[in-house]
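J.: Let me see the structure of the following:
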Amino acid sequence: MNGTSATDAVVRGCQLLEDDPRFNAGTGSVLQSDGQIRMSASLMEGQSQRFSGVINVSRVQHPIQLAEALQGSDDRVLSDYGAAELLRDLQLPVYNPMTKLRLQEWLQERQANFSHKMAGVIAEDELVTSSEARRGTIGVVVLDGRGHLAAGTSTGGKGFERIGRVSDSAMPAGNYATADAAVSCTGIGEDIMEECLAARIVVRVTDGSSLVNAMERSFKEARKNQRDFAAIALDANGAIAWGKTSEVLLAAYHTGEKIVDTLNMTKDVEFLSI
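T.: Presented below is the predicted three-dimensional model:
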């Protein structure tokens, strides 16, 4: 869409992924230990470095839409009760994001007394067959025609977690953008928080590193620390990079001319300069 801002494109991209039940965000989010869905999302506009997000929100179709609404607010990150009040203020319809697959998954795990630490949160086995690769947080990073960057991330959490657990997706650790670079993360939220991954990569670019060098250094450190996550990134020059310590990263990017995916990714960090 010619003339669309990076922020608008990120929000729209996140909405499309939140509507796809194959991913653990919006419709298709996993259930927490009490059988409820609580989602988190954040949005960051790089030029102004304005961050907004919601934590553990329920009964909404697009958590990223609440994060977008908070971009103009003095209070830009709201937890469950505040996010529910925002939902009413915006007069958005109440929505149930639960799917039969997620409910069946939770019922089976309840019978096993929640022996797993987290749900298998990429939904369809035809996409990923290894349960160790199942991470379903969604993220979008965009560089627009004006040279502005934005990043958005949305998740249903780990699944089966303790009530009130907060993911990295509504923190700068998991979603961060400046005028220099933008990063969105997926994987084990606690690992992402402990590395402060998104902000670490962006700060390194701001301090003079190339995007690929910032990614390579950050993922080398992460692998040494036995982290389990992945990230997608853009810089203001149009360089595209993606990296993982997890088994699989499902991602795609558009260069302006073609769409390419990461299904054949073989190294921890790969990149494209355009």
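J.: what sits against Arg50?
T.: Contacts here follow C-beta atoms under 8 Å, 6 or more residues apart in numbering; on that basis Arg50 touches Met44, Gln71, Arg76. Any C-beta I mention is one placed from the backbone N, CA and C, and that applies to glycine too.
J.: Nearest to Val57 among these?
T.: Arg76 (14.3 Å; C-beta to C-beta).
J.: check contacts around the closest one.
T.: By C-beta under 8 Å, 6+ apart, the residues touching Arg76 are Arg50, Phe51, Ser52, Gly53, Leu70.
J.: Counting neighbours, which of those comes out on top?
T.: For the contacts of Arg76, the largest number of neighbours (other C-beta atoms under 10 Å) sits with Gly53, at 29 neighbours.
J.: pLDDT score assigned to it?
T.: Turning to Gly53, the model gives it a pLDDT of 98.
J.: The one 3 residues further on too?
T.: On pLDDT, Asn56 comes in at 97.
J.: what about it, is that helix, strand or coil?
T.: strand (DSSP: H, G, I helix; E, B strand; the rest coil).
J.: in the protein, what spans have low per-residue confidence?
T.: Counting by pLDDT under 70, the chain has low-confidence residues at 1-2, 117, 120-135, 273-274.
J.: how about 80 then?
T.: Residue ranges of the chain with pLDDT under 80: 1-2, 113-135, 273-274.
J.: and of the contacts of Arg50, the nearest to Asp180?
T.: Of the contacts of Arg50, the one sitting nearest to Asp180 (C-beta to C-beta) turns out to be Met44, at 12.7 Å.
J.: Am I right that the closest one is in a helix?
T.: No. Counting by three-state DSSP, Met44 is located in no helix; its state is strand.
J.: just to revisit the earlier point, can you tell me which of the contacts of Arg76 end up in helices?
T.: Counted as lying in helices by DSSP state H, out of those, is not a single one.
J.: And the helices in the stretch 101-250 of the chain?
T.: 189-195, 197-206, 211-224 (DSSP state H, counting those that start in this stretch).
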